[in-house]
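Chemist: please find the sequence and the predicted model below.
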Amino acid sequence: MKKNRTDVRGRQTEAVHASDPFNTTRAISPPIWQTTTFHDTPEHFAEIATDIKPTEYYTRYGNPTHRQVEATLTALEGGEAALVTGSGMGAIFAATMSLLQSGNHVVAQNNHYAGTTTLLRDILPRFGIECTFVDQTRASDFAAAVRPHTKLIYAETPTNPLMQITDLRAIADLGRRRGITTIVDNTFATPINQRPLEFGIDMVVHSATKYIGGHHDVTAGALVSSREMVERAWRFAIVAGATLSPFDGWLLLRGLRTLGLRVERHNRNALALARFLEGHPKVERVNYPGLESHPQHHLAREQMSGFTGILSAELRGGYHEAERFIRSLKLAAYAASLGGFETLVVHPAAMWRLQLSAERRRETGIGESLVRISVGLEDERDLIADFAQALDE
């Protein structure tokens, strides 16, 4: 029988043991509750049908596998409750729409994941919700953009793909003073490197497809907040159909077990590669908050314990030079997504043509020769050798 939890917890310990109380079996690796529904007695059915997030009623409402993932994420982020969804955008959509209604106003950043930008810029206005976009590197711009009907400040730090940093404490303080809810996308940092709730942020969202899953084999999302805010998001999610399958929930739980170990290696490899690229004559600029040359390096050190496995580099040349460089890589794969065991490289100017026009990319600083690199778990020496030969090619 597994031992009971203790109160003294490191984050890797939480990743391994936070779900123990919710594993009702004797299996070390818990089973997958691969079922859509659960039978019950007539007396209990009416009661459980009105519960909040019941785990043994109907899987769109909850599932024992989901509950274990949510318990682990809650512990890692330091929240009160969590909700898993079928994708990162499912979590973001549930989080925002559970808080907003027609006539509300949102303050967001110029730089966001392209799907988030589409939601804020194109979808929310259809519901009568206005959005103002600001330079996330200047905390004062958030305050200047607030209006009497502002209900949400939405941030992402570090940003995708320029690795800019948002001052978590500043926007949390602003939200608290003005009665505005604050949400932060913590996908790039993970709770191993950064815990926005500790700075006073109201809710954290994740594309759990990335580091939380960590193995390039699951699409999922998650949000962590107070019980009240998670309940509101859950009520929206069950209507929107943003449901995670039990099997994908189990894959997330499996990935979470090694999150701390993986992120530590991602951090180390990314810093080494960033330093190498920064010194290469064919690289114009490297965007990585762990470098002292990063304009917000000191802020990153204040609010992050590690600097993530993501970086981007602006090559000397243009669109075609970036494509040739990526094709010359042998270990790194040219593929969308990030945060998994294998190094992935992508060309944002090519990947986001549908969501972001050329003009919009220029406005946000996404150049034609920018390359985003999700540094994997390979040996540092082999990674640097691969990037060196590709640059020489």
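Modeler: Structure received. In this text the structure is predicted, and so the values were computed from the model without any measurement.
Chemist: so, low pLDDT: which residues of the stretch 201-350 of the chain?
Modeler: Applying pLDDT under 70 to the stretch 201-350 of the chain flags no residue at all.
Chemist: can you show me the strands along it?
Modeler: Ranges of strands in the stretch 201-350 of the chain, per DSSP state E, counting those that start in this stretch, are 203-207, 221-225, 283-287, 310-315, 333-334, 344-346.
Chemist: so which helix or strand takes in residue 71?
Modeler: When elements are defined using DSSP states H and E, residue 71 is found to belong to helix 64-77.
Chemist: how far does that helix sit from its chain's centre?
Modeler: Here the centre of helix 64-77 is set off from its chain's centre by 16 Å, with CA atoms, centre = their mean, to the nearest Å.
Chemist: give the rounded mean pLDDT of it.
Modeler: Regarding helix 64-77, the rounded mean pLDDT is 98.
Chemist: after that helix comes which helix or strand?
Modeler: As assigned by DSSP H and E, the chain's next helix or strand after helix 64-77 is strand 81-85.
Chemist: then that next one to CSV, C-alphas only?
Modeler: C-alpha atoms of strand 81-85 as CSV (Å, rounded to 0.1, in the frame of the first residue of the first chain):
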residue,chain,number,x,y,z
ALA,A,81,-8.8,23.7,-8.1
ALA,A,82,-8.1,22.8,-11.7
LEU,A,83,-9.9,21.8,-14.9
VAL,A,84,-8.6,19.8,-17.8
THR,A,85,-9.9,20.3,-21.4
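Chemist: ok, and what's touching that strand?
Modeler: Under the contact criterion CB atoms under 8 Å, 6 or more residues apart in numbering, strand 81-85 has outside partners 53, 66, 69-71, 73-74, 91, 94, 208, 220-227, 230-231, 233-234, 237, 242-244, 249, 252. C-beta coordinates here come from the backbone N, C-alpha and C atoms, glycine included.
Chemist: I'd like the next helix or strand past that strand.
Modeler: Sequence-wise, the next helix or strand downstream of strand 81-85 (DSSP H and E) is helix 88-97.
Chemist: what packs against that next one?
Modeler: The contact analysis (3 or more CB pairs under 8 Å, 6 or more residues apart in numbering; DSSP states H and E) places helix 88-97 against strand 81-85, helix 114-118, strand 181-185, strand 203-207, strand 221-225, helix 227-240.
Chemist: and the ones you listed as CSV, adding distance to residue 35?
Modeler: Below are the helices and strands packed on helix 88-97 laid out as CSV (distance: least, CB to CB, whole Å):
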stretch, distance to residue 35
strand 81-85, 16
helix 114-118, 31
strand 181-185, 32
strand 203-207, 25
strand 221-225, 21
helix 227-240, 17
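Chemist: those: which one's closest to residue 265?
Modeler: When the helices and strands packed on helix 88-97 are compared by CB to CB, strand 203-207 sits nearest residue 265, at 19.5 Å.
Chemist: what's in contact with that closest one?
Modeler: 73, 77, 79, 87-89, 91-92, 95, 113, 181-187, 190-191, 196-197, 212, 220-225, 229.
Chemist: buried among the residues you listed? Need that as a selection in PyMOL.
Modeler: One line in PyMOL is enough to select the buried ones among the contacts of strand 203-207; burial here means 16 or more other CB atoms under 10 Å:
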select buried, resi 73+77+79+87+88+89+91+92+95+113+181+182+183+184+185+186+187+190+191+196+197+212+220+221+222+223+224+225+229
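Chemist: related to what we said a few turns ago, can you flag the buried ones in the contacts of strand 81-85?
Modeler: The buried subset of those - by 16+ other CB under 10 Å - is 53, 66, 69-71, 73-74, 91, 94, 208, 220-225, 230, 233-234, 237, 242-244, 249, 252.
Chemist: and the residue lying closest to residue 88 once chain neighbours are set aside, bridged to which residues?
Modeler: Nearest non-adjacent residue to residue 88, counting by CB to CB, 6 or more residues apart in numbering: residue 207, 2.6 Å away. Assessed by DSSP bridges, residue 207 has beta-bridge partners residue 221.
Chemist: and residue 207, how many neighbours?
Modeler: For residue 207, the count of nearby residues is 30 (other CB atoms under 10 Å).
Chemist: picking up where we left off before, elements contacting the helix holding residue 71?
Modeler: On a contact count with 3+ CB pairs under 8 Å, 6+ apart, helix 64-77 meets helix 11-17, strand 81-85, helix 190-193, strand 221-225, helix 246-256.
Chemist: rerun at 10 Å
Modeler: helix 11-17, strand 81-85, helix 190-193, strand 203-207, strand 221-225, helix 227-240, helix 246-256, helix 259-278 (3 or more CB pairs under 10 Å, 6 or more residues apart in numbering; DSSP states H and E).
Chemist: okay, these in CSV with distance to residue 381 next?
Modeler: Listed next are the helices and strands packed on helix 64-77 as CSV, based on distance: least, CB to CB, whole Å:
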stretch, distance to residue 381
helix 11-17, 26
strand 81-85, 37
helix 190-193, 24
strand 203-207, 30
strand 221-225, 34
helix 227-240, 44
helix 246-256, 26
helix 259-278, 9
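Chemist: closest one to residue 133 among these?
Modeler: Taking CB to CB, strand 203-207 is the member of these nearest to residue 133, at 18.1 Å.
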